[in-house]
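Colleague: quick one, what's the 3D model for this:
(chains A and B)
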Protein chains: 2
Amino acid sequence: MRYTSTTTTADGITERDFDHDGVPGVLWTPPGEITGLVLSAHGGGQHRRAPGITARARHCATAGLAVVTLDAPGHGDRPRTPDHDRYATEIRARMSAGRDAGAVVAEYNALQTSRAVPEWRSVLDTLTGTLDVGDRIGFWGVSLGSAVGIPLVAAEPRVSAAVFGLVGATDALAHAAASITVPVRFLLQWHDRLIPRDAGLALFDAFASPRKSLHANPGGHGDVPAHEHDSAVRFLAG
Amino acid sequence: MRYTSTTTTADGITERDFDHDGVPGVLWTPPGEITGLVLSAHGGGQHRRAPGITARARHCATAGLAVVTLDAPGHGDRPRTPDHDRYATEIRARMSAGRDAGAVVAEYNALQTSRAVPEWRSVLDTLTGTLDVGDRIGFWGVSLGSAVGIPLVAAEPRVSAAVFGLVGATDALAHAAASITVPVRFLLQWHDRLIPRDAGLALFDAFASPRKSLHANPGGHGDVPAHEHDSAVRFLAG
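Modeller: Numbering: from 1, shown residues only, chains lettered A, B, ... in the order given. The predicted model follows:
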């Protein structure tokens, strides 16, 4: 991991841009002691410094948590690959024709997962080896962030709590969810036109976690209310 | 309203038992300024000093909220009435025979509502006339507390936020919910054998509130986790 710039803002939060084996990322650390680390994964079409990602990182840092985020494969400053472009074109074409894009989205998510899960685990190895991140490692990612994050948390025993949501059950995600036992917060938007309500409820149902909470709110895919973000920070800060 | 006893505990919270036109109740007030008032309605078969009611009252009072609770008709120290006994017998008989008790429960809830709603409104008149309760009036009641509380909040413009749950859609409740526009927190237990999941989700769907959140957790009717109570206090304290 190579740090490329460091900025400390007036509130004492430090932001470090880095490159980790060709994956660009950002690490935010709080002014005082780090009480935990949050892996923060962005949604489809977004990037490591999308406004929502930056806002929740600063919010977490204020609560004592370090936050790390990465550009997902094919996103942000990372090169588009031919298969990324092919999937994106196909998904857009199906959606604009009013056809079901679910199977193509699931294939695309599987491709993303196969690339992003090892990247996240490698970043976690480096951070826990070089930084005292406390004993709470959380994950926070919805939509594409959950499509990658659910398999990641299923595979990664160091993560002890996770915020997921805005994604529906597929065979692969339900299978991964069934092996997750850490506390889970699952966000669902009640009028989400991208995620059928029943598919979202079925995925919540699939988590094996004895402590899991579904939080559903009115509005579409992009309308998660601010109070849920506040509440998710409290959940991750423990 | 006639106060019959007053106790102040070591933490500065004052508990006053009262009788209001024959309805026994308790008023808890915080040590300092009252920032709001919570109407706290107990569940079926419980009473005004059930452990859960007392615990959430003290929790609210610690957050600056006054709390008032009443024995529901036919509950606690109030006389059983012949129709109360008839419904209770019929509901028990149907449930132990594995028959659907839904229609009888709905009739019983309608009877409770017709009695309890005017009682709550009268208590609210008295308290707001004699006490500076701040400008936030909340309602908190699940199960039977919601069966009464949803029509109460629909009828009562002074209530500005409500915690409901553990109840399913009936025509009457869905109709009342459709006229509620204040912020609502709706609690649902994912493995509740008394409330079919779809009926609970349908009732959440029915609220007209632009700000409403469904919080669902694993477990049965009586298993609402402690963190939901903590979160509900924050929601009501605003």
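Colleague: just list the residues touching A:Leu70, thanks.
Modeller: A:His20, A:Val23, A:Pro24, A:Gly25, A:Ala41, A:Arg48, A:Ala116, A:Glu119, A:Trp120, A:Val123 (CB atoms under 8 Å, 6 or more residues apart in numbering or on different chains). Placement of C-beta: from N, CA and C, glycine included.
Colleague: meant to ask about A:Ser40
Modeller: A:Ile53, A:Arg56, A:Ala57, A:Cys60, A:Val67, A:Val68, A:Thr69, A:Trp140, A:Gly141, A:Gly145.
Colleague: report the beta-bridge partners for it.
Modeller: Beta bridges link A:Ser40 to A:Trp140, judged by DSSP bridges.
Colleague: return the subset of the contacts of A:Ser40 lying in strands.
Modeller: A:Val67, A:Val68, A:Thr69, A:Trp140 (DSSP state E).
Colleague: farthest-separated two in these?
Modeller: Of all pairs drawn from the ones in strands among the contacts of A:Ser40, the one with the longest distance (CB to CB) is A:Val68 and A:Trp140, at 10.8 Å.
Colleague: what do those two both touch?
Modeller: A:Val38, A:Leu39, A:Ser40.
Colleague: what is the neighbour count of the residue lying closest to the second one once chain neighbours are set aside?
Modeller: Nearest-residue entry for A:Leu39: A:Phe139, 4.8 Å, with adjacent residues in sequence omitted and distances by CB to CB, 6 or more residues apart in numbering or on different chains. In terms of burial, A:Phe139 registers 28 neighbours under the definition other CB atoms under 10 Å in any protein chain shown.
Colleague: how close does A:Phe139 sit to B:Ser5?
Modeller: A:Phe139 is 52 Å from B:Ser5, where distance means CB to CB, to the nearest Å.
Colleague: same check, this time on A:Leu214
Modeller: A:Leu214 is 42 Å from B:Ser5, by CB to CB.
Colleague: what of A:Gln112?
Modeller: 65 Å.
Colleague: quick one, strands of chain A?
Modeller: Under DSSP E, chain A gives strands at A:2-8, A:14-20, A:23-29, A:36-40, A:65-70, A:136-140, A:161-165, A:184-189, A:212-217.
Colleague: CSV for those, including distance to B:Ile150 and mean pLDDT?
Modeller: Listed next are the strands of chain A as CSV, based on distance: least, CB to CB, whole Å; pLDDT from 0 to 100:
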stretch, distance to B:Ile150, mean pLDDT
strand A:2-8, 51, 96
strand A:14-20, 47, 97
strand A:23-29, 43, 98
strand A:36-40, 38, 98
strand A:65-70, 38, 98
strand A:136-140, 34, 97
strand A:161-165, 27, 98
strand A:184-189, 22, 98
strand A:212-217, 18, 98
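Colleague: might one say that A:Ile137 is in contact with A:Leu37?
Modeller: Yes - if you go by CB atoms under 8 Å, A:Ile137 and A:Leu37 touch, sitting 5.1 Å apart.
Colleague: which neighbours do the two have in common?
Modeller: Looking at what touches both A:Ile137 and A:Leu37 (by CB under 8 Å, 6+ apart), the common residues are A:Thr128.
Colleague: give me the more crowded residue out of the two.
Modeller: The residue with more neighbours, out of A:Ile137 and A:Leu37, is A:Leu37; 28 against 25, by other CB under 10 Å.
Colleague: mind checking how far the residue most central in space within chain A is from chain B?
Modeller: Computing the C-alpha centroid of chain A and ranking residues by CA atoms, centre = their mean puts A:Gly141 first, at 2.2 Å. In this view, A:Gly141 and chain B are 20 Å apart by CB to the nearest CB, to the nearest Å.
Colleague: in stretch A:226-236, what's buried?
Modeller: For stretch A:226-236, burial by neighbour count (16 or more other CB atoms under 10 Å in any protein chain shown) applies to A:Glu228, A:His229, A:Ser231, A:Ala232, A:Val233, A:Phe235, A:Leu236.
Colleague: give me the subset of these that also touch chain B.
Modeller: By CB under 8 Å from any CB of the partner chain, the members of the buried residues of stretch A:226-236 lying near chain B are A:Glu228, A:Ser231.
Colleague: any chance of the buried residues of stretch A:226-236 in CSV, with distance to B:Ala88 and pLDDT too?
Modeller: CSV is the format used below for the buried residues of stretch A:226-236 (distance: CB to CB, whole Å; pLDDT from 0 to 100):
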residue, distance to B:Ala88, pLDDT
A:Glu228, 40, 96
A:His229, 45, 95
A:Ser231, 39, 95
A:Ala232, 43, 97
A:Val233, 45, 97
A:Phe235, 40, 96
A:Leu236, 45, 97
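Colleague: nearest to B:Asp198, of the buried residues of stretch A:226-236?
Modeller: A:Glu228 (23.7 Å).
Colleague: I'd say the closest one and A:Asn217 touch.
Modeller: Yes - assessed by CB under 8 Å, A:Glu228 is found in contact with A:Asn217 at 6.5 Å.
Colleague: what's the overlap in contacts for the two?
Modeller: Residues touching both A:Glu228 and A:Asn217 (CB under 8 Å, 6+ apart) are A:Leu187, B:Ser213.
Colleague: elements contacting the lowest-mean-pLDDT helix or strand in chain A?
Modeller: Lowest by mean pLDDT, DSSP states H and E among the helices and strands of chain A is helix A:82-96, with a mean of 87. The elements that helix A:82-96 packs onto, with contact taken as 3 or more CB pairs under 8 Å, 6 or more residues apart in numbering or on different chains; DSSP states H and E, are helix A:102-130.
Colleague: what residue of chain A is the furthest out?
Modeller: Ranked by distance from the centre of chain A (CA atoms, centre = their mean), the top residue is A:Ala97, with 28.9 Å.
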